[in-house]
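In: Kindly generate the corresponding structure for this input.
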Amino acid sequence: MKRKETTKNPTKKRFSFSFFKKHKALSVSLIILSAAVASFLVVNYGRYVKNIIEVYYLRTKNFYFNSDKLTINGKTYQINPWSGTVPYSINISMNSMLNSLKGTNNNITYDVSCEGRDGAICYFETMGTTLTHRTITKESHADNFTVTVVKDANVQLKNGDEVEVTITATSTSPYEETLTATFILKIGDYGVNYSIEDNYGSLYLDSLVSNTLPTDTVRVKLEIVQPTLLSFDMSNMILDRDTTQVSYSTINGYQYITAVTFDVNPKSSMMVRFFKADSTQNYSYSGEASITPQVRFTRIS
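Out: Okay, here's the model as predicted:
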């Protein structure tokens, strides 16, 4: 029996390369674009993995450098509206606690800086853009500072425009670690706004209440809708306030915080953190009428 010989189809091969021969400029552009995208993904993923490794190493040394708003990978918060005509305060709490029972055994020294962009100017209590040699003591495990944001008088801003402020805290002793966050303030009318910042894979979500009223302190309540899905972060410094009220519920014989009522000063924001039972869920909320937030917000006064 004769073997049936098969022949390759040269026409198909020629056709495969004919496109690239005719469109050399486009082909080069596609290759460059693909390389750029791949490099971007590799660099960002590599940085993410590096951060995880560094955090794990520092945790083995019982070193905990945390904040209610700043994170090691950086986080972006949207604050709106902001009038731009009055200063806006961003209150930052720092702590050296892993949980309510375990904390760093040494004092932590750290530096802080802020940078304003697109028409925003930021400064600390010292009127400068840096704070040095701040200390989180091993006794209190806490420290806090305020960043004030004002509009650059030389920049014209209208409703809908956005300005940015980036705050960075870097520990200098006993170990080095950097936490950062970017705050985007949108120019608009006064008001009180509420949102939930969350991501797939995150162990917690942050509830942000922004009060852009120039003179009025507002009292608000945050309530967990389903206590089996979320739990209150017991290290949150809001519990140290004399005016804060806490509500409890008994579930399976244990008492859990299910609601917290507190004051938000004029031209400032407050962050309250809740831990998630299921990190695969994303409970982000920015006021959509079609979404029921997992942390219910109520303005008391």
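In: Residue 111 pairs with what?
Out: residue 170 (DSSP bridges).
In: cool, residue 249 as well?
Out: Beta-bridge partners, per DSSP bridges, of residue 249: residue 256.
In: count of residues packed around it?
Out: 12 (other Cβ atoms under 10 Å). Bear in mind the C-beta positions are built from the backbone N, C-alpha and C, glycine included.
In: try residue 301
Out: 8.
In: What residues does it make contact with?
Out: The neighbourhood of residue 301, defined by Cβ atoms under 8 Å, 6 or more residues apart in numbering, consists of 218-219.
In: Also residue 168?
Out: Counted by Cβ under 8 Å, 6+ apart, residue 168 has contacts 70, 112-115, 178-180.
In: Would you reformat those as JSON lines and include pLDDT, neighbour count and distance to residue 198?
Out: Formatted as JSON lines, the contacts of residue 168 follow (pLDDT from 0 to 100; neighbours: other Cβ atoms under 10 Å; distance: Cβ to Cβ, whole Å):
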{"residue": "70", "pLDDT": "95", "neighbour count": "20", "distance to residue 198": "17"}
{"residue": "112", "pLDDT": "98", "neighbour count": "21", "distance to residue 198": "26"}
{"residue": "113", "pLDDT": "98", "neighbour count": "18", "distance to residue 198": "27"}
{"residue": "114", "pLDDT": "98", "neighbour count": "25", "distance to residue 198": "25"}
{"residue": "115", "pLDDT": "97", "neighbour count": "14", "distance to residue 198": "26"}
{"residue": "178", "pLDDT": "96", "neighbour count": "16", "distance to residue 198": "23"}
{"residue": "179", "pLDDT": "96", "neighbour count": "23", "distance to residue 198": "18"}
{"residue": "180", "pLDDT": "97", "neighbour count": "18", "distance to residue 198": "19"}
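In: Quick check on residue 247: phi, psi?
Out: phi -110, psi 140 (degrees, to the nearest 10).
In: thinking it is in contact with residue 258, fair?
Out: Yes - applying Cβ atoms under 8 Å as the test, residue 247 and residue 258 come out as touching, 5.7 Å apart.
In: neighbour-wise, which of those two wins?
Out: Neighbour totals were compared for residue 247 and residue 258, and residue 258 leads with 20 against 13 (other Cβ under 10 Å).
In: Secondary structure class of that one, three-state.
Out: Look at residue 258: counting by DSSP: H, G, I helix; E, B strand; the rest coil, its state is strand.
In: Contacts only, for it.
Out: 223-224, 227, 232, 247-249.
In: Skipping its backbone neighbours, what lies nearest residue 243 in space?
Out: residue 263 (5.4 Å; Cβ to Cβ, 6 or more residues apart in numbering).
In: need the contact list for that neighbour.
Out: Per Cβ under 8 Å, 6+ apart, neighbours of residue 263: 217-220, 241, 243.
In: mind redoing it with 7 Å?
Out: 217, 219, 243 (Cβ atoms under 7 Å, 6 or more residues apart in numbering).
In: Run through the strands of the stretch 51-200 of the chain in chain order.
Out: Ranges of strands in the stretch 51-200 of the chain, per DSSP state E, counting those that start in this stretch, are 66-67, 75-82, 88-95, 108-117, 120-123, 130-136, 142-151, 162-173, 177-187, 192-197.
In: So for residue 277, which of the ones you listed sits nearest?
Out: strand 192-197 (15.6 Å; Cβ to Cβ).
In: on that earlier part again, as CSV, the contacts of residue 258 with distance to residue 64 would be great.
Out: Putting those into CSV (distance: Cβ to Cβ, whole Å) gives the following:
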residue, distance to residue 64
223, 29
224, 25
227, 26
232, 19
247, 28
248, 27
249, 29
